[in-house]
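Engineer: Sequence first, predicted model second:
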Amino acid sequence: MKSVRLIAFVLAAAALLSLAACRKIPRSTKEERTAVASIDEFEVPYELLRYLVRNAMRDEAQGDDAYWTEARAAERQEALYEAAFDRLRTQYAVFSLGKKYDIDRTSGAITELVDSLMTDHIAAYEDEAAYAAALRENYMTDSVYRFFTTVEVCEEELYYAMLDAGDLEADDAKIEPLVRGGEFIRVKQILITTEDGKSAEAMRAEAEEARRRAAAGEDFDALVSEYGEDLFMFHNPDGYYICRGLWYTAFEDAAFALPVGGVSEVIETAAGCSVLLRCEKEEAYLAAHMADLCDDWREAQFSLKIEERAAAMNVVRREALDAYTPLTMTMQ
């Protein structure tokens, strides 16, 4: 689920300059900075695409060192690139939409806040060498980490700028009828993943078994306890109250298509395999959680606006991308 987090600290500029002067973190190479594509007016450096592609490959391999053969990499290359560019469109959409609200990612205020966050990230490690090693292990550079941190800061600024401008509804009283109406539904979830070491095939088979039993009328809460890996469901038997814009699109489409009491087919997303039960909403829950649900609706509308902008952005691949395949996108 998407969320907006408040960033509430800024370090002194003098301290940042002092840190920058003695940093031991390697700078990105010329090759890593080379633009391999553009998304509207934004250039996409090789190091950013490499990070997304290589981590997607690692997730798909699930620890199997022999998984990525040359043949499989060639077969999956286009899908890996498309998924990476889809994600990047969403990131750059934050910068693009921010221009309407005079949010400039290169401004002094944004840069200072990003610097402070980066300092905090690095301080979480034993030393800068440990930080640099962690970056390398995850096919990341300091510049890539900084990029995503900048997106986070600009996203926060954009959210509140849209609220101030009236482009997101700030009045809970106007959102409450939407929460009680068709904008929100209630679902329970059985989530099955590969995190316990099972293969993707075993995950799908287990999810299908849980779905068959749920569709046959077995108690859904008992099936959640038996199969589920969603910690939220263990502690929140009411399940989820959701609207469009907070979850994976496939998840939302399946949930909203269900009648009350209906059980979904197995839904596979990046989170794993899900089986859903749509439930009747309860007024007592709505009344007790209305403020949070109104916040969820605002955040969902915010996410949908970013996704709308992202969908309108064009990816143009550069000739430099032809020099690589997913298997050759390795760290220097």
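Structural biologist: Arrived safely, thanks for sending.
Engineer: Now do the buried residues in stretch 150-160.
Structural biologist: For stretch 150-160, the buried set under the neighbour-count rule, 16 or more other Cβ atoms under 10 Å, comprises 150, 151, 152, 153, 154, 155, 156, 157, 158, 159. All C-beta atoms are positioned from the backbone trio N, CA, C, and that covers glycine.
Engineer: to the chain's geometric centre, what's the distance from that stretch?
Structural biologist: Offset of stretch 150-160 from its chain centre (Cα atoms, centre = their mean, to the nearest Å): 14 Å.
Engineer: what comes into contact with it?
Structural biologist: Contact partners of stretch 150-160, identified using Cβ atoms under 8 Å, 6 or more residues apart in numbering, comprise 4-7, 91, 94-95, 97-98, 101, 103, 105, 110, 113-114, 117, 168, 299, 302, 306.
Engineer: Drop anything exposed from those.
Structural biologist: Counted by 16+ other Cβ under 10 Å, those give 91, 94-95, 97-98, 101, 103, 105, 110, 113-114, 117, 168, 299, 302, 306 as buried.
Engineer: Narrow these to those in helices?
Structural biologist: 91, 94, 95, 97, 98, 110, 113, 114, 117, 299, 302, 306 (DSSP state H).
Engineer: now those in JSON lines, with pLDDT and distance to residue 317?
Structural biologist: Compiled in JSON lines, those are given as follows (pLDDT from 0 to 100; distance: Cβ to Cβ, whole Å):
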{"residue": "91", "pLDDT": "97", "distance to residue 317": "17"}
{"residue": "94", "pLDDT": "98", "distance to residue 317": "22"}
{"residue": "95", "pLDDT": "98", "distance to residue 317": "20"}
{"residue": "97", "pLDDT": "97", "distance to residue 317": "23"}
{"residue": "98", "pLDDT": "97", "distance to residue 317": "25"}
{"residue": "110", "pLDDT": "96", "distance to residue 317": "29"}
{"residue": "113", "pLDDT": "96", "distance to residue 317": "32"}
{"residue": "114", "pLDDT": "97", "distance to residue 317": "28"}
{"residue": "117", "pLDDT": "95", "distance to residue 317": "31"}
{"residue": "299", "pLDDT": "96", "distance to residue 317": "32"}
{"residue": "302", "pLDDT": "97", "distance to residue 317": "30"}
{"residue": "306", "pLDDT": "97", "distance to residue 317": "23"}
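Engineer: among the residues you listed, which two are most distant?
Structural biologist: Using Cβ to Cβ, those span at most 22.0 Å, a distance reached by 114 and 299.
Engineer: quick one: which of the ones in helices among the buried ones among the contacts of stretch 150-160 is nearest to residue 79?
Structural biologist: Within these, proximity to residue 79 (Cβ to Cβ) peaks at residue 91, which comes in at 19.2 Å.
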